[in-house]
Every structure is written in C-alpha cells, then in structure tokens.
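S.K.: next comes the sequence, and after it the predicted model I'd like to discuss.
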Amino acid sequence: MYRIFQYEGSEESRVDKLIGGDPISWLGIDRKDGSSFGMKGKLIIFQGNSDLMKNLESADLSFMKEIKGEEAEKVMQSLKEESDRAAGGLGFIFD
C-alpha cells in the first residue's frame, strides 16, 4: 500500500518532524522533488502494509495535499521505472 502527499519546500521542517518519530518512521518513506513528475513543490511517498499505514491516520497531515487516483499511479509507475533502470545498471558493475 502507498499514499503520496505534495507539500511546499517551506514545510520541510514539519515533514522532518513528522517522519522522525514513531510510529510514522516504521513506514517506507521516500521524498522526491515534484518537478520530476511535473508537479510543484515536493512529494513524500509512504509505503507499508495496511497495519503500518494506519499510523498515518493519527498524524497531522493538514499541511500537505494527498495525491490520489491516476496521478498517484503515474508517480508510482515512474518510480518503478526509475528503480528498474537503476537495478539494470548494477549488472554491469558485477560483470
């Protein structure tokens, strides 16, 4: 499971505080520049199983906008492609 949020760069310290504490820190967390996906600001992607994702319900996420639906799917597809390209490149190192 995943959830994606968009936020302004000026909110970076709030994001740091949010993800620095338990139980949010137990999630897989990835921060990206929104411009890589044709969006303004920055993106944060939370990933985990359904039990871990419930931890977001108690967090103050009001300073961020959730990215959903097709737009979220495009972000995740782009991240997967980026990961696949990076993994493919590692093969040359070990040959």
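M.R.: Everything's here; your move. Numbering: from 1, shown residues only.

S.K.: double-check that Asp30 belongs to a helix.
M.R.: No: the assignment for Asp30, made by DSSP: H, G, I helix; E, B strand; the rest coil, is strand rather than a helix.

S.K.: burial count for it?
M.R.: 13 (other C-beta atoms under 10 Å). Glycine gets a C-beta too; all of them are placed from N, C-alpha and C.

S.K.: ok, now the one 4 residues further on?
M.R.: Gly34 sits with 17 neighbouring residues when counted by other C-beta under 10 Å.

S.K.: what do you get for the one 4 residues further on?
M.R.: Burial measure for Gly38: 10 neighbouring residues, criterion other C-beta under 10 Å.

S.K.: how about the helices in this protein?
M.R.: For the chain, helices defined by DSSP state H occupy the ranges 12-20, 50-53, 69-94.

S.K.: of these, which is nearest Met39?
M.R.: Nearest to Met39 among the helices of the chain is helix 69-94; the distance by C-beta to C-beta comes to 8.2 Å.

S.K.: quick check: buried residues in the closest one?
M.R.: Neighbour counts over helix 69-94 (16 or more other C-beta atoms under 10 Å) mark Ala72, Val75, Leu79 as buried.

S.K.: for the most centrally placed residue in the chain, which non-adjacent residue is closest in space?
M.R.: Residue closest to the average C-alpha location in the chain (C-alpha atoms, centre = their mean): Ile45, at 1.4 Å. Nearest residue to Ile45, sequence neighbours excluded (C-beta to C-beta, 6 or more residues apart in numbering): Asp30, at 4.5 Å.
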